[in-house]
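> fold the following.
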Amino acid sequence: MAGSRRPRVVRSGSGLPPAEDLPTAAELGAAGTDDGATVEGARRWLRRRGSAAGSAAGAQAAAAEKATANETGAGQNLRDGQAGEEEAALPEQPPVVVTAGAKVTVLPLPALDVDPLPGPAPAPAPASKTTSKAKAASAPEPAPTATVLSFPKPAFKVRRQRLWLVLGSVAAVIAVVVGAAIFSPILALKTITIDGNKLATMDVLQASLAPLEGKPLPQIDEGQVAALLAPLPQVDRVSIEARPPSTLLVHIVEREPVALLKDGESYIMVDPAGVALGTTADPAAIALPLIDGGTAVIGNKIFVAITSVLAVLPQSVLTKLEHASAESPDAVELALSDGKKIIWGNDSQNELKAEVLDALLNSPMPPPGKGQPERAPISVYDVSTPKHPVTR
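Alright, predicted model coming up:
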């Protein structure tokens, strides 16, 4: 009977469901099939039955896909779009047809090494919660932190560091002490002691150095003292000596006067450079020779020649010297107070001439020879050629 036969059993490899899932002849008849025992009728019945079940399953799958799409976010959509574009760009492949009874085995595809397409790099997709959780679950555990062992410093380095610390501390203490000494009012100048002065009076010197009073001793140097005493013509150079806590000793070296110049009714003391060092009304009170010509000769060649000669004369000659004159720089003559005359010549070899003259003046007169009269006293000493002096 055609209506009561069950369909034949088909192997699972044929693509049909197992026998227990196939419909009966009555079910096929209800489905409107003419031949309920045929396989084609069973297939039609399964397709009709699966359409209803597929609708429900499709609805559930759509809801699941929608939830997954919401979780993955816009980044997943962007990647899907890019993947779709890449698939569209690939050449169309022919469809694969599987005949009944064939066995299909799904093999894993190897990873493809595809060069990236030219163009701007795609923007990174925002990570979804699911992806973040998956990454967190698959992230490897952090490696254990390595322990660094500290070795002790060598002994010589420790000693050197200590030495530098000690030296730095000492230097800092010295700097503080020096700074306190430089600016401390304890070392303020209160007393100025002066020595070496003969021509400059003490009142004038103290008045010139008055601006230094109250200034700390470490801040006073020779340059400041010399600048304050520079207006005084008698002072040639100075040196100072600090005597804490409040005393300053000033050593003065004055210019040496060598002659007098007549200036009206008074006489001016001058040094070899012609610097006026003072005046006197009585030339006899000062043991200095008088230079003829007055102040008009200061600075000319004759004056320079005469003063250079006077500067080298020994004290024994200066005390007897009355005046000096010269008709030219090469004809300097000196006159002594006892009437003797000295012919000096020019101002070359002055030191040798001074030694020869001093020896001639201090040597005794030779006794006269037997039967000879006594010699006349010497009145002229010519040292213009010091190696061959002449006396007359």
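> count of residues packed around the closest residue in space to L318 that isn't next to it in sequence?
Excluding the flanking residues, the one nearest L318 by C-beta to C-beta, 6 or more residues apart in numbering is A287, at 6.7 Å. Backbone N, C-alpha and C define where each C-beta goes, glycine included. The tally of other residues near A287 (other C-beta atoms under 10 Å) stands at 13.
> repeat for A230
By other C-beta under 10 Å, the residues close to A230 number 11.
> likewise for E254?
By other C-beta under 10 Å, the residues close to E254 number 18.
> and the pLDDT for the residue lying closest to it once chain neighbours are set aside?
Excluding the flanking residues, the one nearest E254 by C-beta to C-beta, 6+ apart is Q234, at 4.9 Å. Q234 carries a pLDDT value of 94.
> what does the one 4 residues further on give?
Model confidence at V238, given as pLDDT, is 96.
> now do it against L205, distance only.
10 Å (C-beta to C-beta, to the nearest Å).
> ranges for the strands of this structure?
In the chain, the strands defined using DSSP state E lie at 191-195, 235-243, 247-254, 259-263, 266-270, 276-280, 290-291, 321-326, 332-336, 341-345, 380-382, 390-391.
> I220 versus P283, what's the distance?
Using C-beta to C-beta, we find P283 at a distance of 40 Å from I220.
> overlap in contacts of V238 and L205?
Counting by C-beta atoms under 8 Å, 6 or more residues apart in numbering, the shared contacts of V238 and L205 are L229, V250, I252.
> may I see these organised as JSON lines, with distance to V176 added?
Shown next, in JSON lines, are these (distance: C-beta to C-beta, whole Å):
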{"residue": "L229", "distance to V176": "34"}
{"residue": "V250", "distance to V176": "30"}
{"residue": "I252", "distance to V176": "36"}
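> now that we have those, which one has the most neighbours?
Busiest of these [other C-beta under 10 Å] is V250, holding 24 neighbours.
> quick one, grab the pLDDT at it.
Value listed for V250 in the pLDDT field: 96.
> next: L189.
For L189, the predicted pLDDT is 93.
> low pLDDT regions in this protein?
1-151, 180-183 (pLDDT under 70).
> quick one, domains of it?
Here the domain parsing of the chain from automatic domain parsing is 15-71, 185-254, 259-365+377-391.
> could you export the ones you listed as JSON lines, including distance to L163?
Below are the domains of the chain laid out as JSON lines (distance: least, C-beta to C-beta, whole Å):
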{"stretch": "domain 15-71", "distance to L163": "70"}
{"stretch": "domain 185-254", "distance to L163": "30"}
{"stretch": "domain 259-365+377-391", "distance to L163": "58"}
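> of those, which is nearest A175?
domain 185-254 (13.5 Å; C-beta to C-beta).
> returning to what we had before: so for R162, which of the strands of the chain sits nearest?
With C-beta to C-beta, the closest approach to R162 among the strands of the chain belongs to strand 235-243: 36.7 Å.
> in that closest one, what's buried?
Buried positions in strand 235-243, judged by neighbour count with 16 or more other C-beta atoms under 10 Å: V235, V238, I240, A242.
> leaving aside the residues adjacent along the chain, what's closest to the first one?
The one in question is V235. Of all residues not flanking V235 in the chain, L229 sits nearest, at 4.7 Å (C-beta to C-beta, 6+ apart).
> surely that neighbour touches S208?
Yes. Counting by C-beta atoms under 8 Å, L229 does reach S208; the two are 5.6 Å apart.
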